[in-house]
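*Asks:* based on what follows, work out the 3D shape:
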Amino acid sequence: MKKIHIVTDSTADLTEDEIINYGIHVVPLSIQIDNESYIDGVDLKPEEFMELMESAKELPKSSQPAAGVFKELYDHLGEDGSEIISIHMTGGMSGTVRSAEAAAEMSASKVTVIDSMYISHALSFQVLEAAKMAAEGKSVQEIGKRIDQIRKQTTLFVVVDKLDNLVKGGRIGRGKGLIGSLLKIKPIATLQNGVYTPVAQVRSHRQVISHLFKVFREETAGKIIRSVGISHANGLVMAEPLKKLIEDTGIKDVRLTFTTPVISTHTGEGTIGFMYYYD
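*Replies:* As a prediction, this is how the structure comes out:
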């Protein structure tokens with residue numbers, strides 16, 4: 001029977017229940033650690049990755065799925081005439097969405113590829129809404145319009161606890177990283193047009209939590225909060241108090257997950273991501 005299939009990648013921080021219940025198709029990225037290759041979420045779990053990264057000689061690298069992997073999935077899902085919406089992590093941090101676009105051009109299936117401009121839960125906000133709407137029988141056009149709206153009304157913050165991986169990855173200079181580490185600076189960044197963009201610097205976990213909660217309250221005042229998500233890479237010292245503050249406002253369904261290795265390899269141990277969207 002014809003339907004609309006939803007495809008995403010392994011950076012969406014979806015739970016197994018969500019993937020199964022909504023019939024979402026997840027194409028994993030891969031991770032290379034000291035010449036060993038692992039499939040994200042398949043033969044490498046987030047907690048295991050943190051241990052391997054700690055002992056790795058070089059900073060691990062992530063690789064997007066090959067266009068052929070996407071094409072094979074698209075061909076299969078669309079062989080009965082079904083349509084496909086493929087929503088992926090920001091093209092500003094990975095070539096995954098470019099691989100999906102190349103595959104869509106090669107496939108005989110009708111595929112709409114969307115750059116979410118986000119990662120983690122901010123990506124899953126779009127994916128889950130698309131899956132719910134597809135199950136309700138909404139059209140590709142209707143789903144695409146709603147996803148555009150969600151993207152515009154989503155906020156994502158990334159807080160780095162240690163600057164080591166930002167230095168190794170070339171996102172900040174070594175001298176700046178050394179000074180920042182000595183001062184215990186914790187940069188807070190957002191994704192502007194899908195690109196990592198620093199917006200503030202604080203010097204304690206308490207200040208991080210206070211800053212994020214203040215921005216959240218100001219931005220969502222008078223609005224309907226649709227979803228809140230917190231992801232972390234062994235960053236519960238910031239994630240759990242922030243979650244409690246949000247819940248104390250009356251929001252009980254705050255998603256808290258251990259983030260994918262694809263994200264934590266860029267940001268390092270102790271990092272948290274804080275995301276929400278509203279109407």
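*Asks:* give me the pLDDT for Glu48.
*Replies:* You'll see Glu48 listed with a pLDDT of 81.
*Asks:* other residues contacting the helix or strand hosting it?
*Replies:* If you go by DSSP states H and E, Glu48 is part of helix 46-55. Residues outside helix 46-55 that contact it (CB atoms under 8 Å, 6 or more residues apart in numbering): 31, 33, 38, 44, 59-60, 233-234, 258-261, 264-265, 269. For every residue, glycine as well, the C-beta is placed using N, CA and C.
*Asks:* so which of the residues you listed sit within strands?
*Replies:* 31, 33, 38, 258 (DSSP state E).
*Asks:* excluding its backbone neighbours, what's nearest Lys132?
*Replies:* Tyr22 (7.0 Å; CB to CB, 6 or more residues apart in numbering).
*Asks:* likewise for Tyr277?
*Replies:* Computed as CB to CB, 6+ apart, the closest residue to Tyr277 that is not its neighbour in sequence is Thr154, at 4.2 Å.
*Asks:* burial count for the one you found?
*Replies:* Number of residues near Thr154 (other CB atoms under 10 Å) recorded here: 22.
*Asks:* residues contacting it?
*Replies:* 118, 122, 125, 275-277.
*Asks:* ok, the nearest residue to Ala135 once chain neighbours are set aside to Pro28 distance?
*Replies:* Spatial nearest neighbour of Ala135, excluding adjacent residues (CB to CB, 6+ apart): Tyr22 at 7.0 Å. Counting by CB to CB, to the nearest Å, the separation of Tyr22 from Pro28 is 17 Å.
*Asks:* who has more neighbours out of these two?
*Replies:* A count of neighbours by other CB under 10 Å puts Pro28 above the other of Tyr22 and Pro28, at 19 against 16.
*Asks:* thought Asp40 was touching the more buried one, still the case?
*Replies:* Yes: applying CB atoms under 8 Å as the test, Pro28 and Asp40 come out as touching, 4.5 Å apart.
*Asks:* return every residue with contacts to both of those two.
*Replies:* With CB under 8 Å, 6+ apart, Pro28 and Asp40 have common neighbours Ser10.
*Asks:* now do the contacts for the residue nearest to Ala135.
*Replies:* Contacts of Tyr22 by CB under 8 Å, 6+ apart are 6, 128, 131-132, 135.
*Asks:* 7 Å - rerun?
*Replies:* 128, 131, 135 (CB atoms under 7 Å, 6 or more residues apart in numbering).
*Asks:* which phi and psi does the first one have?
*Replies:* When read as degrees, to the nearest 10, the backbone of Leu128 gives phi -70, psi -40.
*Asks:* can you give me the helices in the stretch 1-150 of the chain?
*Replies:* Taking DSSP state H, counting those that start in this stretch to define them, one finds helices in the stretch 1-150 of the chain at 16-21, 46-55, 67-77, 96-106, 120-135, 140-152.
*Asks:* out of the ones you listed, which is the most enclosed?
*Replies:* helix 120-135 (a mean of 24; mean count of other CB atoms under 10 Å).
*Asks:* count the residues that sit near Gly78.
*Replies:* 18.
*Asks:* how about it, nearest residue that isn't a chain neighbour?
*Replies:* Ser109 (2.5 Å).
*Asks:* phi, psi of that neighbour?
*Replies:* phi -80, psi 160.
*Asks:* gap between it and Arg98?
*Replies:* As judged by CB to CB, Ser109 and Arg98 stand 18 Å apart.
*Asks:* same question, Ser107
*Replies:* 15 Å.
*Asks:* quick revisit: who wins for most neighbours among the ones in strands among the contacts of helix 46-55?
*Replies:* The most crowded member of the ones in strands among the contacts of helix 46-55, judged by other CB under 10 Å, is Ile31 (25 neighbours).
*Asks:* measure that residue to Gly194 for me?
*Replies:* Per CB to CB, Ile31 is found 21 Å from Gly194.
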